[in-house]
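S.K.: For reference, the sequence and a predicted model appear below.
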2 protein chains.
Amino acid sequence: MGTDVDSVKGHTNARADEDIRRVDPTIGDLIVMQALPIGAYAAPVSAPTERAVNLADVARLAGVSPATASRALGGHPHVAAATRERVRRVADELSYVVSPDASRLAGGRTGRVAALVPHLDRWYFAALLDGLAGALRSAGLDLLVRCVGGAADRAEQLQRMPGRRVVDAVVALAFEVDGWDGADVPLVTVGGPPSTVPFVTIDDLAAGRQAMDHLIHLGHRRIAMIEALDPDQRSEEPVGRRVAYEQALAQAGLPQDQDLVATVDWGGVEGADAMARLLGLRHPPTAVYAHSDEVALGAIRTLRRAGLRIPDDVSVIGVDDHPLAELTDLTTVRQPVREQGALAGHMVATALSGGDPGPGIVLPTQLVVRGSTAPPREERR
Amino acid sequence: MGTDVDSVKGHTNARADEDIRRVDPTIGDLIVMQALPIGAYAAPVSAPTERAVNLADVARLAGVSPATASRALGGHPHVAAATRERVRRVADELSYVVSPDASRLAGGRTGRVAALVPHLDRWYFAALLDGLAGALRSAGLDLLVRCVGGAADRAEQLQRMPGRRVVDAVVALAFEVDGWDGADVPLVTVGGPPSTVPFVTIDDLAAGRQAMDHLIHLGHRRIAMIEALDPDQRSEEPVGRRVAYEQALAQAGLPQDQDLVATVDWGGVEGADAMARLLGLRHPPTAVYAHSDEVALGAIRTLRRAGLRIPDDVSVIGVDDHPLAELTDLTTVRQPVREQGALAGHMVATALSGGDPGPGIVLPTQLVVRGSTAPPREERR
DNA sequence: GGGCAGGCTGGAAGCGCTTCCAGAGGTCAC
DNA sequence: GTGACCTCTGGAAGCGCTTCCAGCCTGCCC
């Protein structure tokens, strides 16, 4: 909604109000509370706060050298069990945590993995990230999230991960990685097309076929597709879900009609618009195969507003199995999103611990039949 | 090696398979593609890759000392304009980036901000995070995302941000911060209750009143509430949206009926269940005020399945203005989620640059009337 | 013209950690 | 009994950067 957050540049206090207002012009009056105490925090340069405990402290208290303490904590061999135990206990008591920065600097790991994500607030990406975060967390890794915008930005971000300075590894969410030369920084892609780097994804073509074959199997002969592409991610070659559409029609001996394919930017509202266009055709479709569930829901709104009933008049199928698909009784092709993220996380962890993450994983999808699809009303024609 | 990162927990390769399968038991057969080349990446210990350029390189090429180079790049005073220019140019050519780790270690900033988020895959949090990420990015800060689970985990995570070791600041997403003693690490909360630390939020009570007053204004007298709470975040005191319910009824002189309040865990399906319970009442409500849009959509499913029409038979209102609310024609109370995140990001940036982020900001909400609410059918009674 | 202020610059000391290297002490086989 | 060989531990050298402290040099005032 509203204004792009990124556009806001200035950060001085003087501009604060202005900034706030620029965030969303529709916000008239902000209520800024003034009276609350804000604690020590307000003073950036407060009294010299207690220095955080460091390895040396732990070592001293445990009666060993920093070297030994490091080894003990790091789980290295050649440390007497008793010593290790003692060091660990002291570290616990002091609630000591290694400084990733120092660790990294000294040749260790940063313990950090970057995720490059195009849209943070889309369910698909959020779920992917959720799975990824969980897996990384259980592997003791931190997640650094970087939003990437258009293709140029993406490429730049990818370039800007030079020699394990910032992170130990990178996960690219649902976009193609062209030239990756971060030789010593493992890269994993998830949700994108299979790649030369380790990947986790689904078979888009197969997923599309599941959707199309379902509609065809129900007896539909005039099937439209709403293809929704990321505005700044359109690539030359057609995506798998689109290929599936054509392939399925061809295989079923059904005619191809270019008018029945509406390509729009990704989004529910865009889906609604596309549906409106399709309804304007001389021979409107009896079924609609939408690129994703959100798009399908948009299409459904248009159909409802046009007084058409689902699935009686028109069948609609989506892809993803968005949590709201269940609530809206939408037939869809489920893809395991969270699991893809988790698997990517495991791959990264594996790679970082010196293992072989393998070339890639393709997870299966599954048709979930709900109430938005049914045989066409009129079998004639 | 092998143990490094994971050593703490024990993540040997041997367990990888097991882990993967544990991700989702329903995933029977993974298709693991075997034939793709995986590039240099497969070899964790490859040829000594080219060392990344560092400050010393830049300094040498620019013909100055590292000290001067640092000052020039850091924008410090007492550097001749020509020198600075030269250093900058060299740095550009070498596409040099400072190592945040080293920088931080030497007394500088990490340039990193942590976001503590309970549920990454819920729209609300994702949108919050999106706003936050944008603001941070434009301030040149990196976003570290930490998922926090239950209350205990939350407290622990909060404890575990000792003396600017990992991040420069922390943003807590939609939960209360009890004891924050990270004196030198600024903390900002967003989406939670107003706090003693700088916060960004909405007035939950007011939002609830907007929803309730709308229903009351339409003429509803038997209004139910579906209260959805985060399972591991339930607090003692009633939340604002619930208070609004009671307050609005009282003020309108309407009777309170505890049966009309269904409290469930957060979620669409839970909302559907709650609605089913409400429909089982002897006097079912003519309107439902749901804690959030997702919950409202769940309720709607139940109503539809019961053959009830919306809004003819029952009115439903949510809170949030989830993107799908528009598509499903759901009346709701909009809150600016992304903007809250962005503002929190600005506050953090302000605090980090030595400014005063102010005590807190409360953003206004707005009633958005769509097609899911209407006057009750029978004015009698 | 001498002296002094002040702008620029370089040297060097760490920040907190990992790891190489060396050494102490013990075990075991010859 | 002694050397070979471990296991365990400590010393010390950086990782790449910032910043304090000097020192140099210029410019300018008296």
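M.R.: Here it is on my side, so go on.
S.K.: List the contacts of A:Gly134.
M.R.: Contact analysis of A:Gly134 by C-beta atoms under 8 Å, 6 or more residues apart in numbering or on different chains lists A:Arg338, A:Gly341, A:Ala342, A:Gly345, B:Cys147. Backbone N, C-alpha and C define where each C-beta goes, glycine included.
S.K.: Mark which of these are part of helices, please.
M.R.: Judged by DSSP state H, the subset of those located in helices is A:Arg338, A:Gly341, A:Ala342, A:Gly345.
S.K.: Can you tell me the closest non-neighbouring residue to the second one?
M.R.: Looking back up the chat, that one is A:Gly341. A:Gly131 (2.7 Å; C-beta to C-beta, 6 or more residues apart in numbering or on different chains).
S.K.: Tell me how many other residues crowd the one you found.
M.R.: Residues lying near A:Gly131 (other C-beta atoms under 10 Å in any protein chain shown) number 27.
S.K.: That one against A:Met347, yeah?
M.R.: No: using C-beta atoms under 8 Å, A:Gly131 is not in contact with A:Met347; the gap is 12.0 Å.
S.K.: just to revisit the earlier point, now flag whichever of the contacts of A:Gly134 is closest to DNA strand C.
M.R.: Lowest distance from DNA strand C to the contacts of A:Gly134 (C-beta to the nearest atom of the strand) belongs to A:Gly345, with 21.9 Å.
S.K.: That closest one: how many residues sit nearby?
M.R.: A:Gly345 has 30 nearby residues by other C-beta under 10 Å.
S.K.: That one touches A:Leu136, doesn't it?
M.R.: Yes: in terms of C-beta under 8 Å, A:Gly345 counts as a neighbour of A:Leu136; the distance is 4.6 Å.
S.K.: For the residue nearest in space to the middle of chain A, pull up the helix or strand it's in.
M.R.: Among the residues of chain A, the one closest to the centroid is A:Phe125, at 2.3 Å (C-alpha atoms, centre = their mean). A:Phe125 is part of helix A:123-138 when elements are defined by DSSP states H and E.
S.K.: now A:Ala114
M.R.: Counting by DSSP H and E, A:Ala114 is found in strand A:112-117.
S.K.: doesn't A:Ile216 fall inside a strand?
M.R.: No: assessed with DSSP: H, G, I helix; E, B strand; the rest coil, A:Ile216 is helix; it does not lie in a strand.
S.K.: ok, then the element right after the host helix or strand of A:Asp153?
M.R.: Secondary structure assignment for A:Asp153, by DSSP H and E: helix A:151-159. Using DSSP H and E, the helix or strand that follows helix A:151-159 in sequence is strand A:169-173.
S.K.: What lies in contact with the following helix or strand past that next one?
M.R.: Following strand A:169-173 in sequence order, the next helix or strand is strand A:187-190 (DSSP H and E). Contact with strand A:187-190 is made by A:128, A:132, A:169-177, A:180, A:195, A:197-201, A:340-341, A:343-344, A:347-348, A:351, A:357, B:41, as judged by C-beta under 8 Å, 6+ apart.
S.K.: Just the buried ones among those, please.
M.R.: A:128, A:132, A:169-175, A:177, A:180, A:195, A:197-201, A:340-341, A:343-344, A:347-348, A:351, A:357, B:41 (16 or more other C-beta atoms under 10 Å in any protein chain shown).
S.K.: What residues does the stretch 201-350 of chain A have near chain B?
M.R.: For the stretch 201-350 of chain A, the residues in contact with chain B (C-beta under 8 Å from any C-beta of the partner chain) are A:203, A:268-269, A:272, A:294, A:297-298, A:300-301, A:304, A:323-324, A:326-329, A:336, A:338-339, A:342-343, A:346, A:349-350.
S.K.: Quick check, the residue in the stretch 201-350 of chain A closest to DNA strand C?
M.R.: For the stretch 201-350 of chain A, C-beta to the nearest atom of the strand, closest residue to DNA strand C: A:Ala349, 17.3 Å.
S.K.: Mind telling me what element that residue is part of?
M.R.: helix A:337-352.
S.K.: Quick one: mean pLDDT over that helix.
M.R.: Helix A:337-352 comes out with an average pLDDT of 94.
S.K.: related to what we said a few turns ago, rounded mean pLDDT for the helix holding A:Asp153, please.
M.R.: 72.
S.K.: what distance separates stretch A:309-325 from the middle of the whole chain?
M.R.: 23 Å (C-alpha atoms, centre = their mean, to the nearest Å).
S.K.: tell me which residues in that stretch are buried?
M.R.: Buried residues in stretch A:309-325 (16+ other C-beta under 10 Å): A:310-311, A:314-325.
S.K.: can you redo the residues you listed as TSV with distance to DNA strand D and secondary structure?
M.R.: Below are those laid out as TSV (distance: C-beta to the nearest atom of the strand, whole Å; DSSP: H, G, I helix; E, B strand; the rest coil):
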residue	distance to DNA strand D	secondary structure
A:Ile310	59	coil
A:Pro311	61	coil
A:Val314	60	coil
A:Ser315	59	strand
A:Val316	55	strand
A:Ile317	53	strand
A:Gly318	48	strand
A:Val319	45	strand
A:Asp320	43	strand
A:Asp321	46	coil
A:His322	44	coil
A:Pro323	44	helix
A:Leu324	47	helix
A:Ala325	48	helix
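S.K.: State the pair within those residues that is farthest apart.
M.R.: For these, the farthest-apart pair by C-beta to C-beta is A:Val314 and A:Pro323; their separation is 23.5 Å.
S.K.: Please enumerate the helices of chain A.
M.R.: A:16-23, A:55-62, A:66-74, A:81-93, A:100-105, A:123-138, A:151-159, A:204-218, A:240-251, A:268-279, A:293-305, A:323-327, A:337-352.
S.K.: Contact partners for A:Met347?
M.R.: A:Val188, A:Pro198, A:Val200, A:Pro357, A:Gly358, A:Ile361.
S.K.: cool, A:Arg88 as well?
M.R.: A:Ala72, A:Leu73.
S.K.: How confident is the prediction for it, by pLDDT?
M.R.: pLDDT, A:Arg88: 93.
S.K.: With the one 5 residues further on instead?
M.R.: As predicted, A:Glu93 sits at a pLDDT of 90.
S.K.: What is the burial count for it?
M.R.: The number of residues near A:Glu93, taken as other C-beta under 10 Å, comes to 11.
S.K.: burial count for A:Pro77?
M.R.: 6.
S.K.: Next, work out how far apart it and A:Arg71 are.
M.R.: A:Pro77 sits 8 Å away from A:Arg71, taking C-beta to C-beta, to the nearest Å as the criterion.
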